[in-house]
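Undergrad: need a 3D model of the sequence below.
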Amino acid sequence: MRVQDVTLPGPDAADQWCELLIHTATPEVGKQWTDTGEIHEERDLKGRAEGETRSAPGHPALTRILRQHIEDEQLKPGDLLFQGENGGILAGSVIRRAWRGARKAVLPAHVFESPTGRRVYDNRHTRLTKWLNDGIPPAQVADWAGNSVPVLLATYARCVEGQLPDLKRRLEAAGDLPEPPDAG
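TA: So this is what the prediction gives:
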């Protein structure tokens, strides 16, 4: 992702959510699996037409972090947001090492040793589950995630929890029957 793909609100704007524009995926697949012999392979987004983009919201905390990072690193619009050596793609080993250190610093030992959040990619599942549990409509979550609604629900429907009391109240309020007339 390049700096120009992040839309940051002004520092004094009431709405501090940023927008992340995603053009392609550049997974680390290994030299033996790419046509170029490079470790990363740039691909169009799954389920999207060639060149099509998608956007995702960025929490105000992320807005603050990105604004500071761009300023500290003196990044220009065409620069990669997070750069590896010589301004190139950040190596997966660097990301994994930083992620492991961050997990170790904040998680209790038993959670750190468990599979929970072991891979950076696990954050995607955590975020999508959280959005669904927070009541964000599945169509919106699917759009942000770059999934279809059927794929999203097939994957995450079992993860949605804690909404039953609220859903019962909403159903009750929407479907209340009038009191029967007095028989007397």
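
Undergrad: quick one: contacts for the residue nearest to the spatial centre of the chain?
TA: By C-alpha atoms, centre = their mean, the chain has its centre lying nearest to R124, at 5.1 Å. Contact analysis of R124 by C-beta atoms under 8 Å, 6 or more residues apart in numbering lists A145. For every residue, glycine as well, the C-beta is placed using N, CA and C.

Undergrad: how about low-confidence regions in the protein?
TA: 25-29, 33-34, 40-41, 44-47, 160-161, 183-184 (pLDDT under 70).

Undergrad: quick revisit: wasn't the residue nearest to the centre of the chain part of a helix?
TA: Yes: counting by DSSP: H, G, I helix; E, B strand; the rest coil, R124 falls inside a helix.

Undergrad: any figure for the gap between it and T155?
TA: 11 Å (C-beta to C-beta, to the nearest Å).

Undergrad: what's the answer for L90, then?
TA: 27 Å.

Undergrad: do C18 as well
TA: From C18 to T155 the distance is 26 Å (C-beta to C-beta).

Undergrad: for the two, indicate the residue with more neighbours.
TA: Neighbours were counted for C18 and for T155 using other C-beta atoms under 10 Å; C18 has more, 20 against 14.

Undergrad: domain parsing for this protein?
TA: Using automatic domain parsing, the domain ranges for the chain come out as 1-88, 90-118, 121-174.
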